[in-house]
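Q: output the structure for:
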Amino acid sequence: MFIKRTIKKLKGRTYSNYLLVESVATPKGPRHRVVCSLGALAPAPKKQWLALAHHLQQSLSGQQSLLPHGTREQELSAEVLAAPTSSRKPLTRLLEIDTDGIEVQEARAAGAVYVGHQIWERLGLEAILKEAGLSKKTRLLTELMTLNRLVTPTSELAMSDWVRRSGLADILRKDFKALNEDRFYRNMDRLYPKRAQIETALGRREKTLFSLNQNILFYDLTSTYFEGLCMANPKAKRGFSRDSRPDCKQVVIGLVLDGDGFPKAHEVFAGNRCDTTTVEEMLKVIEQRMGENVQATVVVDRGMSSTENLAAIRARGHHWLVAGAQSERAAYLEEFEDEEGWQEIVREASPRNPGQKKLRVLVKAAAGLQGAQTLALCWSEGRTLKDRAIREKQEARFLSDLEKLQRRVTSGRLRQEAKIHEAIGRLKERYPRVARYYQIDYAADGRLLSWSEERALKDKALTLDGSYLLKTSRSDMGVEEIWRTYILLTRVESAFRNMKSPLCERPIFHHLERRVETHIFLCVLAYHLLVCIERAFLDRGIHTSWATLREQLSTHQIVTVRLPASDGRVLMIRRDSRPEEVHEHIYRTLRIAERILPPIKQWLPADSH
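A: Next comes the predicted model:
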């Protein structure tokens, strides 16, 4: 920093002003940036200006001076530290600032919530919520709850304390001292009936902003579990848990993404809902969100690829692309074994995951068309190792359980023949991948349980390890395009991971159905902000995650600097800390201002503390 004098002539009179400035680097070269105006009075003799500027810079940054107390550099004009106000007369004498009394207080983390607020405004969510008929108070509370899920997810009980500890009061120019959890609970109830309208409007807004590809839609499901019995929610059921929590009740969440990874629609189903029964209902939701005239290629995994679901997709004017059931591969065993016609495709490792390996896969078209389907045969070495490891693990457990059952039968602890056959059936149901390779027999007269391996069936399975079948109703897609399109279904899995980890969608502590679904909706809203932020970096060729950016932004804060003057008064300056290089890089990439708020100055009287 240094002190600079400016001269301006107006109507024959000359006006002088002294500025505290700093030199900053810009794309056009070094430029001067004004820190504050010192007024018309010279702060000190010109030969002491540089030392004075350095001393002020050190004091404001908390650095201790190497100079002894009482030197001339410590005598600062009050005009250096505060802009003139109508309530205070200009001082005509120099004041000494007690550098030992300089303090920084009320520090608030602001970088991440500042970015979230800027993206909230860029997406036009304020206008979208207003159009949905929500009041100004509801719109504000909805933004607070969404930013909480994006930055530091907490329960509604702890959310008001988080808001007060963050820089949101400074950024939004609001007083949140009276905020409590009851307001958030009531806000969820007001937001609940507006979810579909908001999601529809937000999807249209994003399509306009980013020119999104909506010719491809990816649909998948996940589950989220509850803490507690959740007696008041009829959708809370026990079912297949993707979170490895079969002991808890859960709900199933269906999510649709477009070709660019932006959410288009979501729906909450009962926790015991079978995947294959959700497709037609989700197609209706897509039409409600995106319009009945939308025509796309719907990509789902093999768990939802029943004949009825594929027919329902075509009946609504869409194409489909799915992975065939494992049992369908056997019909193409000779083609899988034939070494001719294979084409190698390489998918580069994601720069976000340095430990990830390149994905190499061999693909070729199946001989001819199967009705209205185009088939692609795929094989990868990595999947071979995975399939084999899964089978060996299940086979070891299956044989171990068979031996336990055999000991129960031999020892007489299990006597009834019907019960023995039931136990055998349960083992086959528990280990379907490997049970079909074994013939299990029970001799009632000798009370003997035995089994033998069907080697031919097992050898065929070994041959098919690493292979899978993709099929689509489109005839204009080549095998490479089919594979590359299907592999993008992992984007939905990535979205679920983001919602469950950095956005902390699970576990759910609400017991009322409407609040459970609003909680999930807020997580989806936060994911909209997340994907917009990451998309801005990807467009610049920068591969990073919101979790990383959030951590980097945590050091950009808003603080109050307390400067005691020699006459007993105290100058309070509220402003953001100077952004570090990493903060500036993030703000430039997102095209938002690098300073969070301008300095707010206030003089306190001598008797204040």
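
Q: and the helix or strand harbouring residue 434, what does it pack onto?
A: With elements delineated by DSSP states H and E, residue 434 resides in helix 432-435, which encompasses its position. With contacts defined as 3 or more Cβ pairs under 8 Å, 6 or more residues apart in numbering; DSSP states H and E, the packing partners of helix 432-435 are helix 381-411. (Glycine included, C-beta is placed from N, CA and C.)

Q: list the buried ones in the helix it packs on?
A: Using 16 or more other Cβ atoms under 10 Å as the test for burial, helix 381-411 gives 383, 387, 391, 394, 395, 398, 402, 405, 406, 408, 409.

Q: still on that earlier bit, from the chain's centroid, how far away is the helix holding residue 434?
A: Taking Cα atoms, centre = their mean, to the nearest Å, one finds the center of helix 432-435 at 37 Å from the center of the full chain.

Q: next structured bit after it?
A: Per DSSP H and E, the first helix or strand lying C-terminal to helix 432-435 is strand 438-443.

Q: what's the mean pLDDT across that next one?
A: For strand 438-443, mean pLDDT rounds to 89.

Q: over to stretch 540-551?
A: Per-region confidence: stretch 540-551 scores 92 on mean pLDDT.

Q: show me what contacts the residue nearest to residue 309 when sequence neighbours are not counted?
A: For residue 309, the nearest residue in space outside its immediate sequence neighbours is residue 279; the separation is 4.2 Å by Cβ to Cβ, 6 or more residues apart in numbering. Contacts were defined as Cβ atoms under 8 Å, 6 or more residues apart in numbering; by that measure residue 279 touches 219, 300, 304, 309, 312, 313.

Q: by pLDDT, rank those and give me the bottom one.
A: For these, the least confidently modelled position is residue 304, at 89, judged by pLDDT.

Q: what is the burial count for that one?
A: In terms of burial, residue 304 registers 23 neighbours under the definition other Cβ atoms under 10 Å.

Q: phi, psi of it?
A: In terms of degrees, to the nearest 10, the main-chain angles of residue 304 are phi -120, psi 20.

Q: now it: how far from residue 322?
A: Between residue 304 and residue 322 the computed distance is 7 Å (Cβ to Cβ, to the nearest Å).

Q: what of residue 277?
A: 16 Å.

Q: who has more neighbours, the two?
A: Regarding residue 277 and residue 322, a neighbour count based on other Cβ under 10 Å identifies residue 322 as having more, with 25 against 13.

Q: the more buried one: which element?
A: Residue-wise, residue 322 maps onto strand 319-323 under DSSP H and E.

Q: keeping just the C-alphas, turn that strand into PDB.
A: What follows is the C-alpha trace of strand 319-323 in PDB, where atoms were taken according to Å, rounded to 0.1, in the frame of the first residue of the first chain:
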ATOM      1  CA  HIS A 319     -37.200 -44.800 -27.500                       C
ATOM      2  CA  TRP A 320     -35.400 -46.900 -24.900                       C
ATOM      3  CA  LEU A 321     -31.900 -48.100 -24.300                       C
ATOM      4  CA  VAL A 322     -31.300 -50.800 -21.600                       C
ATOM      5  CA  ALA A 323     -29.000 -53.600 -20.600                       C
END
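
Q: on contacts alone, who are the packing partners of that strand?
A: strand 297-299, helix 307-315, strand 467-472, helix 479-487.

Q: kindly recompute the last result at 10 Å.
A: Counting contacts by 3 or more Cβ pairs under 10 Å, 6 or more residues apart in numbering; DSSP states H and E, strand 319-323 is packed against strand 216-225, strand 297-299, helix 307-315, strand 374-379, strand 467-472, helix 479-487.

Q: before we move on, the earlier item: between residue 304 and residue 322, what contacts are shared?
A: Residues touching both residue 304 and residue 322 (Cβ atoms under 10 Å, 6 or more residues apart in numbering): 298, 310, 313.

Q: ok, those vs residue 528, which is closest?
A: Nearest to residue 528 among the shared contacts of residue 304 and residue 322: residue 298, at 21.2 Å, using Cβ to Cβ.

Q: near that closest one, how many other residues are there?
A: Burial measure for residue 298: 26 neighbouring residues, criterion other Cβ under 10 Å.

Q: what's near enough to touch it?
A: When contacts are taken as Cβ under 10 Å, 6+ apart, residue 298 is in contact with 216-219, 256, 279, 282-283, 286, 304, 309-310, 312-314, 316, 318-322, 473.

Q: out of those residues, which end up buried?
A: Neighbour counting with 16+ other Cβ under 10 Å marks 216-219, 256, 279, 282-283, 286, 304, 309-310, 312-313, 318-322, 473 as buried within the contacts of residue 298.

Q: quick check: buried residues in stretch 112-129?
A: Counting neighbours by 16+ other Cβ under 10 Å, stretch 112-129 gives 112-120, 122-126, 128-129 as buried.

Q: do the same with stretch 573-582
A: Using 16+ other Cβ under 10 Å as the test for burial, stretch 573-582 gives 573, 574, 575, 576, 577, 579.

Q: likewise stretch 443-461?
A: 449, 451, 458, 461.

Q: sorry, back to before: ok, the strand holding residue 322: who's next to it in the sheet?
A: Sheet pairing here is set by DSSP bridges, and for strand 319-323 it gives strand 297-299 (parallel), strand 467-472 (antiparallel).

Q: residues in contact with the helix or strand just after it?
A: Going down the chain from strand 319-323, the next helix or strand is helix 333-337, by DSSP H and E. Defining contact as Cβ under 10 Å, 6+ apart, one finds that helix 333-337 is touched by 329-330, 341-342, 362, 364-367, 375, 377-379, 460, 463-464, 466-467, 469.

Q: which residues does the spatially closest residue to residue 313 that is not a sequence neighbour form beta bridges with?
A: Beyond its immediate neighbours in the sequence, the residue positioned closest to residue 313 (Cβ to Cβ, 6+ apart) is residue 320, lying 4.5 Å away. In this entry, residue 320 is beta-bridged to residue 298, by DSSP bridges.

Q: quick check: residue 320 touching residue 301?
A: No: in terms of Cβ atoms under 10 Å, residue 320 does not count as a neighbour of residue 301; the distance is 11.7 Å.

Q: next one, pLDDT for residue 119 please.
A: Each residue has a pLDDT score; the one for residue 119 is 96.

Q: ugh, typo on my part, it should be residue 246
A: Turning to residue 246, the model gives it a pLDDT of 89.

Q: and if you look at the one 4 residues further on?
A: On pLDDT, residue 250 comes in at 94.

Q: check residue 608 too.
A: Confidence score, pLDDT, at residue 608: 61.

Q: just the helices from the stretch 101-250 of the chain, written as ranges.
A: Ranges of helices within the stretch 101-250 of the chain are 111-122, 125-131, 136-151, 156-165, 168-172, 181-191, 195-210, based on DSSP state H, counting those that start in this stretch.

Q: for the protein, list the residue farthest from the centre, please.
A: Of all residues in the chain, residue 445 has its C-alpha farthest from the mean position, at 62.3 Å, by Cα atoms, centre = their mean.

Q: confirm that it sits in a helix.
A: No: Residue 445: not assigned to a helix; according to DSSP: H, G, I helix; E, B strand; the rest coil it is coil.

Q: and the gap between it and residue 417?
A: For residue 445, the distance to residue 417 under the criterion Cβ to Cβ works out to 11 Å.

Q: now the common contact residues for the two.
A: When Cβ under 10 Å, 6+ apart defines a contact, no residue borders residue 445 and residue 417 alike.

Q: could you export the buried residues of stretch 443-461 as a markdown table, including pLDDT?
A: A markdown table is the format used below for the buried residues of stretch 443-461 (pLDDT from 0 to 100):
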| residue | pLDDT |
| --- | --- |
| 449 | 88 |
| 451 | 91 |
| 458 | 85 |
| 461 | 82 |
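
Q: which of the residues you listed fall in strands?
A: When DSSP state E defines the strands, the subset of the buried residues of stretch 443-461 inside them is 449, 451.

Q: ok, so of the buried residues of stretch 443-461, who is nearest residue 21?
A: residue 461 (75.6 Å).

Q: so that closest one sits against residue 390, correct?
A: No: using Cβ under 10 Å, residue 461 makes no contact with residue 390, being 11.4 Å away.

Q: before I go, just wanted to say thanks for your time.
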